[in-house]
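Colleague: Only the shape, not the letters, is given here:
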């Protein structure tokens, strides 16, 4: 009779899978809690200790690390000397292994647990059995994912060799154990406060294959480091499948509204940078103010809200051609209004990152890794450096502009008034050009630039950017400071009667 060794921490679908194996004539071998669960389901089980002739020991740390197990897994059926060797020692072949590992990552993510408790969730026997079985995939079927139970049973019921399936399952095992080890290594590095260890192991799980990448002809896929977090945690209501560029723009949109937690905010994003960003008393007001910044560029955009979307707001959004709309929640009436747009992708959720998430960017032959930029930008530590002090109303606009410019591609300049952007200069090679573009975009959309607040993501290297702003009637500026020409820049602001604040913090977004 064929033998199946089953030892799982995730017992979803276990009884049905094991019953199917029994019905196919498999002898069931198991350990500990899994054996108990199988017996509770009315299945006959042989304890692994009866196979090894050695009891479980060290509080269950040693159960399956034995030649009777690994010999049965690793023996090549096509080599008579292998089969003779295990027969000599009374070892029976094991034909199927179903193992999933102790929940290390989930345990390590729980607050307040001692290191000793977390360490006990490092599985030793499980990865060893998986790797042994996967190495001998020519003869052994190895299952690590409960989602694979139905197709494994179907293949076994059909008969035949199923060699391709066994190879696929073996590949999945090594990817799984690699990710498991990566999580353990990251935890050890975190225990000593090391964000960037000498060897960084990043494990990602494919969420979906994409139609193409940035352009047709470029193959692409979407992966996540932790399923259910970030963009992979968004729930899609209707519309076409998300594209590579949709996902990039969604990231830009979520980044743009992140600093406005607790406020009603709307970001309209095109090519990963906002073309409009605003706060308002309602989602509709925030959307209308954001759209007014640059209604031309908003065509084909991605729109993000920081609060639930109601019917009135949804109807307004539905009147514009939009690729995606994302919000924490939509009312049933809002979903109905947006659902009338056949191709509109409606995404619900917060897209929160996991604790300690890193920002990863690809370069040729490698990656760059950095801490995430702080989302909660505040006016703490600000210093007024000009003769004129900003009023409380002006400080409010400066704070809005400072938060807004952090999500704009560098070099970045934002003009803002009354909790809304009115002009955005993004991705320019010089800061004076970014200032010129912000003014141009504002006036092209019919906005008066007089008395606007200006936010700059980095210092002004020359006074020309301040002069450009003064010509447009800008009355307040917020910028990091730190240029060797700060005195010249401050003097220019004083000449024009502009109130200028230094934040001491740069917010480049390359």
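Modeller: Happy to help now that I have it. Computed from a predicted model, the values in this text were never measured in an experiment. Numbering: from 1, shown residues only.

Colleague: Please make it C-alpha for all contacts and neighbour counts, starting now.
Modeller: Noted.

Colleague: Lowest mean pLDDT among the helices and strands, pick that one out for the protein.
Modeller: helix 48-52 (a mean of 78; mean pLDDT, DSSP states H and E).

Colleague: ok, and for it, which residues are buried?
Modeller: Across helix 48-52, burial judged by 16 or more other Cα atoms under 10 Å covers 48, 49, 51, 52.

Colleague: Just after it, pick out the following helix or strand.
Modeller: Downstream of helix 48-52, the first helix or strand assigned by DSSP states H and E is helix 67-74.

Colleague: Return the list of helices and strands in contact with that following helix.
Modeller: Judged by 3 or more Cα pairs under 8 Å, 6 or more residues apart in numbering; DSSP states H and E, the packing partners of helix 67-74 are helix 48-52, helix 125-135.

Colleague: Quick one: closest of those helices to residue 65.
Modeller: With Cα to Cα as the measure, helix 125-135 is the member of the helices and strands packed on helix 67-74 nearest residue 65 (6.0 Å).

Colleague: Now residue 274: which helix or strand?
Modeller: Counting by DSSP H and E, residue 274 is found in strand 273-279.

Colleague: what does that strand contact?
Modeller: Strand 273-279 is contacted by residues 249, 252-253, 256, 263-269, 285-287, 289-294, 297-298, 404, 407-409, 419-422, 424, 426 when judged by Cα atoms under 8 Å, 6 or more residues apart in numbering.

Colleague: cutoff 6 Å now
Modeller: 252, 264-269, 286, 289-291, 293-294, 408, 419-421 (Cα atoms under 6 Å, 6 or more residues apart in numbering).

Colleague: Now, those residues that are in strands?
Modeller: 265, 266, 267, 268, 269, 421 (DSSP state E).

Colleague: What count of nearby residues applies to the first one?
Modeller: Burial of residue 265 is recorded as 30 neighbouring residues (other Cα atoms under 10 Å).

Colleague: Could you do residue 101 as well?
Modeller: Neighbour tally, residue 101, other Cα under 10 Å: 22.

Colleague: Just confirm residue 247 is within a helix.
Modeller: Yes - under DSSP: H, G, I helix; E, B strand; the rest coil, residue 247 sits within a helix.

Colleague: check contacts around it.
Modeller: Contacts of residue 247 (Cα under 6 Å, 6+ apart): none.

Colleague: give me the low-pLDDT residue ranges for the stretch 1-150 of the chain?
Modeller: By pLDDT under 70, the low-scoring segments of the stretch 1-150 of the chain are 57, 59-64.

Colleague: switch the cut-off to 80
Modeller: Within the stretch 1-150 of the chain, the segments meeting pLDDT under 80 span 48, 50-66, 68, 79, 102, 109, 123.

Colleague: still on that earlier bit, for the helices and strands packed on helix 67-74, which one sits closest to residue 498?
Modeller: Nearest of these (Cα to Cα): helix 125-135, 65.0 Å.

Colleague: now the closest one, how far from the centre of its chain.
Modeller: Averaging C-alpha positions (Cα atoms, centre = their mean, to the nearest Å) puts helix 125-135 29 Å from its chain's average.

Colleague: Who are the packing partners of that helix?
Modeller: Applying 3 or more Cα pairs under 6 Å, 6 or more residues apart in numbering; DSSP states H and E, we find helix 125-135 packed against no helix or strand.

Colleague: Give me the contacts around it.
Modeller: 64, 65, 73, 74, 101, 140, 142, 170.

Colleague: Give the buried residues for that helix.
Modeller: So, applying 16+ other Cα under 10 Å, buried residues of helix 125-135: 125, 126, 127, 129, 130, 131, 132, 133, 134, 135.

Colleague: Per-residue pLDDT of the closest residue to residue 381 other than its chain neighbours, please?
Modeller: For residue 381, ignoring the flanking residues on the chain, the nearest one in space by Cα to Cα, 6 or more residues apart in numbering is residue 503 at 6.5 Å. Per-residue pLDDT puts residue 503 at 94.

Colleague: follow-up on the earlier one: contacts for the least confident helix or strand of the chain, please.
Modeller: With Cα under 6 Å, 6+ apart as the test, helix 48-52 has contacts from 29, 30, 31, 55, 68.

Colleague: Got the domain ranges for this protein?
Modeller: 3-191, 235-348, 383-502 (automatic domain parsing).

Colleague: From the chain's centroid, how far away is the second one?
Modeller: With Cα atoms, centre = their mean as the basis, domain 235-348 stands 19 Å off its chain's centre.

Colleague: do the same with the last one
Modeller: Here the centre of domain 383-502 is set off from its chain's centre by 32 Å, with Cα atoms, centre = their mean.

Colleague: Just to be sure, residue 81 is in a helix?
Modeller: Yes - according to three-state DSSP, the state of residue 81 is that of a helix.

Colleague: and the gap between it and residue 87?
Modeller: Distance, residue 81 to residue 87, using Cα to Cα, to the nearest Å: 10 Å.

Colleague: again with residue 373
Modeller: 61 Å.

Colleague: Switch the helices and strands packed on helix 67-74 over to CSV; also include distance to residue 486.
Modeller: Below are the helices and strands packed on helix 67-74 laid out as CSV (distance: least, Cα to Cα, whole Å):
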stretch, distance to residue 486
helix 48-52, 74
helix 125-135, 59
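
Colleague: Out of those helices, which is closest to residue 19?
Modeller: Here helix 48-52 is closest among those (Cα to Cα), at 18.5 Å.

Colleague: still on that earlier bit, which of the buried residues of helix 125-135 lies closest to residue 485?
Modeller: Among those, and counting by Cα to Cα, the member closest to residue 485 is residue 127, at 59.6 Å.

Colleague: So for the protein, which residue is the most central one in space?
Modeller: The centre of the chain sits closest to residue 230, judged by Cα atoms, centre = their mean, with a distance of 3.5 Å.

Colleague: which residue sits closest to it in space, ignoring its chain neighbours?
Modeller: residue 351 (4.0 Å).

Colleague: per-residue pLDDT, that neighbour?
Modeller: At residue 351, pLDDT is 87.

Colleague: ok, it - contacts?
Modeller: Residue 351 makes contact with 230, 231, 233, according to Cα under 6 Å, 6+ apart.

Colleague: The second one: what's its closest spatial neighbour, skipping adjacent residues?
Modeller: Of all residues not flanking residue 231 in the chain, residue 351 sits nearest, at 5.0 Å (Cα to Cα, 6+ apart).

Colleague: Quick one: the domains of the chain as CSV, columns for distance to residue 226 too.
Modeller: Supplementary listing: those in CSV, determined by distance: least, Cα to Cα, whole Å:
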stretch, distance to residue 226
domain 3-191, 10
domain 235-348, 15
domain 383-502, 24
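
Colleague: Nearest approach to residue 203 belongs to which of those domains?
Modeller: Per Cα to Cα, nearest to residue 203 of the domains of the chain: domain 3-191, 4.9 Å.

Colleague: can you give me the offset of that closest one from its chain's centre?
Modeller: With Cα atoms, centre = their mean, you get 30 Å for domain 3-191.

Colleague: now the end-to-end length of it.
Modeller: 41 Å.

Colleague: Renumber starting at 26 from here on
Modeller: With the count now opening at 26, the last piece we talked about shows up as domain 28-216.
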